[in-house]
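> Mind folding the following:
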Amino acid sequence: MAGEWPAYKRELVVMIRGTGSILKSNQARRRGNHRPGFTLVEMIVATMLLVIGVAAAQTAISSATRVSGIADKINTATLLLQKKCAELDLNPGGVSGGDDAGDFGVDYPEFRWHQSAEATNYTNLFKVTITVQWGDGTSGSSRNITTYIRSDQATINQNIITPPVTTTTTGTATTGAK
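Numbers count the residues shown, from 1 in each chain. From the prediction side, this is the model:
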């Protein structure tokens, strides 16, 4: 035993069958003892990454749902503004200076409107601002539109829709054959 190298320092060369590569005995031994699978640290890291990914996806879905609800309210308010403007177009004679307010009934219970009409420097011309609001007073939102309406437009619109009937008779009307 004298003069012999200890076992851990020996460099025995081992031929791996079928590969043609040469490894030291310690490397060959490690390959034989290796079990397939993941270590505990790898599993903890993978689990943490999965938890972070799921939390981020849940937050993104929640935000998208909230923003979609807000966009729906804005769209509804815009359509209701158009409805109030159409009502003004059909009956502009009802416009006079001052404020008016109301709601949209049972179809849109959380929406309400406010109309403000101001006289301008021109006769029969009013600046009309319509605001549609929803939500409560502290966190509610609103959309508004401002337009100009002629109060004498009702007479003009009425004449366009149903022109006045005037009958004048001149001459003699004859019926039958001669």
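> Beyond the longest helix along the chain, next helix or strand please.
Identified as the longest helix of the chain according to DSSP state H is helix 40-90. Using DSSP states H and E, the helix or strand that follows helix 40-90 in sequence is strand 98-103.
> Doesn't Asn144 belong to a strand?
Yes: assignment of Asn144 by DSSP: H, G, I helix; E, B strand; the rest coil places it within a strand.
> My read is that it contacts Ile130, right?
Yes: between Asn144 and Ile130 there is a contact under CB atoms under 8 Å: 6.4 Å. Every C-beta, even on glycine, is put in place using the N, C-alpha and C of the backbone.
> More neighbours: which of the two?
Taking neighbours as other CB atoms under 10 Å, Asn144 and Ile130 compare with Ile130 leading, 23 against 14.
> In three-state terms, label the residue lying closest to Leu80 once chain neighbours are set aside for me.
Leaving aside its sequence neighbours, Leu80 sits nearest to Val132 (CB to CB, 6 or more residues apart in numbering; 5.0 Å). The local conformation at Val132, judged by three-state DSSP, is strand.
> what's near enough to touch Val132?
By CB atoms under 8 Å, 6 or more residues apart in numbering, Val132 lies in contact with 77, 80-81, 84, 111-113, 142-144.
> just the buried members of the residues you listed?
77, 80-81, 84, 111-113, 143 (16 or more other CB atoms under 10 Å).
> which among those gets closest to Leu90?
Lys84 (10.9 Å; CB to CB).
> model confidence over the longest helix of the chain, on average?
The average pLDDT for helix 40-90 rounds to 93.
> Look at the residue nearest to Leu80 and report its pLDDT.
On the pLDDT scale, Val132 gets 92.
> got it, and the one 5 residues further on?
The pLDDT attached to Gly137 in the predicted structure is 65.
> list residues touching both of Asn144 and Ile130?
In contact with both Asn144 and Ile130: Leu81, using CB under 8 Å, 6+ apart.
> helix or strand for the nearest residue to Thr120 once chain neighbours are set aside, which one?
Once flanking residues are discounted, Thr120 sits nearest to Lys127: 5.7 Å by CB to CB, 6+ apart. Following DSSP H and E, one finds Lys127 within strand 125-134.
> can you state the direction angle for that strand and helix 40-90?
What separates the directions of strand 125-134 and helix 40-90 is an angle of 150 degrees, with axes from the mean of the first three to the mean of the last three CA atoms, to 10 degrees.
> how about Val95, phi and psi?
Phi and psi for Val95, reported as degrees, to the nearest 10, are phi -80, psi 130.
> Now do it: how many residues are near it, please.
20.
> and what of the one 4 residues further on?
By the measure other CB under 10 Å, the count of residues near Asp99 is 10.
> my guess is it meets Val128, correct?
No: the pair Asp99 / Val128 is not scored as a contact, 10.7 Å apart, by CB under 8 Å.
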